[in-house]
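*Asks:* Turn this into a structure:
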Amino acid sequence: MPTYDYKCLDCGYIFEEFQNMTDEPLKECPICKGKLKRLIGSGAGPIFKGSGFYHTDYKMKSNNNSSNKNNSADKK
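*Replies:* Okay, the predicted model is just below:
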């Protein structure tokens, strides 16, 4: 189900609503009962919320120097 953004024309309240594509747009503000306008969204692109998408998923391998230090410490 897509998420639609709405803005109240009376009080300025902005909110999101999950609706089927076949549902009628909402017409009444849940806060002040004023008239709503459905906002035009950016489409169905990917949404990356949170941190660490690049750094944690594609982290570079550690260099050999650090692994050599660990091996030499184990041998003692």
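*Asks:* Give me the nearest residue to Asp10, chain neighbours excluded.
*Replies:* Excluding the flanking residues, the one nearest Asp10 by C-beta to C-beta, 6 or more residues apart in numbering is Gly34, at 2.9 Å. The C-beta positions use only the backbone N, C-alpha and C, and glycine is treated the same way.
*Asks:* tell me which element the nearest residue to Leu39 once chain neighbours are set aside is part of?
*Replies:* Spatial nearest neighbour of Leu39, excluding adjacent residues (C-beta to C-beta, 6+ apart): Asp5 at 4.1 Å. Under the criterion of DSSP states H and E, Asp5 resides in strand 3-8.
*Asks:* Count residues in the vicinity of the residue nearest to Asp10, would you?
*Replies:* 14 (other C-beta atoms under 10 Å).
*Asks:* Pull up the gap between it and Cys8, please.
*Replies:* Per C-beta to C-beta, to the nearest Å, Gly34 is found 5 Å from Cys8.
*Asks:* Likewise for Met21?
*Replies:* Distance from Met21 to Cys8, counting by C-beta to C-beta: 23 Å.
*Asks:* neighbour-wise, which of the two wins?
*Replies:* The residue with more neighbours, out of Met21 and Cys8, is Cys8; 19 against 7, by other C-beta under 10 Å.
*Asks:* Find the nearest non-adjacent residue to that one, please.
*Replies:* Using C-beta to C-beta, 6+ apart, the closest residue to Cys8 is Cys29 (3.9 Å).
*Asks:* Contacts only, for Asp10.
*Replies:* Counting by C-beta atoms under 8 Å, 6 or more residues apart in numbering, Asp10 makes contact with 29, 32, 34-35.
*Asks:* can you put the residues you listed in TSV and add distance to Met1 and pLDDT?
*Replies:* Shown next, in TSV, are these (distance: C-beta to C-beta, whole Å; pLDDT from 0 to 100):
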residue	distance to Met1	pLDDT
Cys29	21	96
Cys32	26	96
Gly34	25	96
Lys35	24	97
